Every structure is written in C-alpha cells, then in structure tokens.
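Chemist: here's my sequence, what's the structure:
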Amino acid sequence: MSDLTSEKIEILRELGNVGAGNATTALSVMLNSSLKMEIPVVKILEFNEIADLIGGPDAYVVAVLTKFEGEVSGMTLFILELEEAKNLVGTLLLKKYPEGYVEFDNMERSTLKEVGNILMGAYISSIGTLANLHFRLQPPAIAVDMAASVLSLPISELGKVGDRALIIDSKFLDDDKPINGFILFVTDDESFEHIFDTLGIR
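Modeler: Residues are numbered from 1 along each chain as shown. Sure thing, here's the model as predicted:
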C-alpha cells in the first residue's frame, strides 16, 4: 500500500464502489425497502486515523469483524455509529430506543451481526467476482463499545497484514433516516498485488 500508483488506487476505489453497491442491495432486501446510497467516499488511511473518522476514540460504535482467506487473506470491518446502529436494528426489529441506550441485548447483537455478515459477504463476493478470486469467510464477531476499545484488537490484528486500510464511507438512507456505515477492507501487500495481477494491472 505504500507506493500505490494512481491507477491502482482507482482500481481499489472501483472495487470498493461496486462492493458497497452490492452491500446496499443486500441491506435493501433485509429492510424490505428501496434503500438509497450516496456515492461512497473511498479513502486509504493509516490505522491511527480510523477512530477520528468515526467520531473520535470516545464515540460509541458497533463493529462487525469478518476475516477472509483463500487466494488472498485479510479482514473486513463494518462499523456503525451508535445512533445509526439503533436506527438499523430498530427498523429490523420494529423497536424504538431511548436516548442514551447502549446495551444491546442478545437478539439485537445477533441481528446486527447477521446484517454485518450479509453485507460483508456481498462486499467480498463482488470483489471476488470482479477480480476472479475465491474467498472463504469466517464467522463474524461483534463489539459494542467506544471506538478506541472496539478498534484496539482489530488494529493489532490488522497490523500483522498491513499498516493502512481501504475505507469505504457508505451512507445509506431508509425513509430519510441515515444509516451511516464504514466498511474497512484490509489485506497485505502480497494479496493486493495478487488482486492487481488478476486484473492485468502492473
């Protein structure tokens, strides 16, 4: 990731855009609504910049982590700000939450984890189709906590495969309620080069 050419960055942006589009379609089916998606903003950030992107280290967030392996390996993170996580799970479970609510029960956590699993499955699958690659997804894990705590373990793991992440800032709208999610796609330099090779990019 340290010396990506502008052409390679554009390829990553396009993969991210298509992946986010497919994830939006999957979420629309779950919500049974005509979900809209703003054009995703794609960034390449160092890990220490991620917490600031999602409201700062003290912001409460929900994160679903899914590891993948196969021809390339790495992980994806789907991160929601707390209020938008409540919008999402509330829509799915037909519930409303009071201000300050932060303790999701097992059903709510399971619902959010399944949403993340489906979104990341659609996202990874679209990248695999475009780049003609095969992935195997591991079962997802979920955390609800302050951003610094949520990101500490994943960043430690991510540091083993790279020092930057591809960030897709995807804002969804459901009946004018924002569901602002961040999709992080992280893999190592060797895997990125393999993706570029399959696409004929040198």
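Chemist: and V72, helix, strand or coil?
Modeler: Three-state call for V72 (DSSP: H, G, I helix; E, B strand; the rest coil): coil.
Chemist: quick check: closest non-adjacent residue to V18.
Modeler: S126 (5.2 Å; CB to CB, 6 or more residues apart in numbering). For glycine as for every other residue, the C-beta is placed from the backbone atoms N, C-alpha and C.
Chemist: the one you found sits in which helix or strand?
Modeler: Element membership of S126, judged by DSSP states H and E, is helix 106-131.
Chemist: distance from stretch 192-201 to the middle of the chain?
Modeler: Stretch 192-201 sits 22 Å away from the centroid of its parent chain (CA atoms, centre = their mean, to the nearest Å).
Chemist: all helices of the chain, in order?
Modeler: Counting by DSSP state H, the chain has helices at residues 6-31, 50-53, 82-93, 106-131, 147-158, 189-198.
Chemist: out of those, which comes closest to P139?
Modeler: helix 106-131 (7.8 Å; CB to CB).
Chemist: got the angle between the closest one and helix 82-93?
Modeler: 100 degrees (axes from the mean of the first three to the mean of the last three CA atoms, to 10 degrees).
Chemist: returning to that earlier point: any idea how far L184 is from the residue nearest to V18?
Modeler: Distance, S126 to L184, using CB to CB, to the nearest Å: 16 Å.
Chemist: of the two, which one has the most company?
Modeler: Counting neighbours by other CB atoms under 10 Å for S126 and for L184 shows that L184 has the greater number, 24 against 21.
Chemist: give me the beta-bridge partners of that one?
Modeler: L77, I167 (DSSP bridges).
Chemist: verify the stated contact: it with F47.
Modeler: No. Applying CB atoms under 8 Å, one finds L184 not in contact with F47, separated by 9.6 Å.
Chemist: quickly list what's touching both of the two.
Modeler: Common neighbours of L184 and F47, using CB atoms under 8 Å, 6 or more residues apart in numbering, are A165.
Chemist: S73: which of the helices of the chain is closest?
Modeler: Nearest to S73, of these and by CB to CB, is helix 189-198 at 6.3 Å.
Chemist: send me the closest one as CSV with only the CA atoms.
Modeler: Provided in CSV are the C-alpha atoms of helix 189-198 (Å, rounded to 0.1, in the frame of the first residue of the first chain):
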residue,chain,number,x,y,z
ASP,A,189,0.8,-6.1,0.1
GLU,A,190,1.2,-9.5,-1.4
SER,A,191,-2.6,-10.0,-1.6
PHE,A,192,-3.1,-6.6,-3.1
GLU,A,193,-0.5,-7.3,-5.8
HIS,A,194,-2.3,-10.6,-6.5
ILE,A,195,-5.6,-8.7,-7.0
PHE,A,196,-3.8,-6.3,-9.4
ASP,A,197,-2.2,-9.2,-11.3
THR,A,198,-5.6,-10.9,-11.8
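Chemist: tell me which other helices or strands it touches.
Modeler: helix 6-31, helix 106-131 (3 or more CB pairs under 8 Å, 6 or more residues apart in numbering; DSSP states H and E).
Chemist: as a markdown table, these with mean pLDDT would be great.
Modeler: Output for the helices and strands packed on helix 189-198, formatted as a markdown table (pLDDT from 0 to 100):
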| stretch | mean pLDDT |
| --- | --- |
| helix 6-31 | 77 |
| helix 106-131 | 86 |
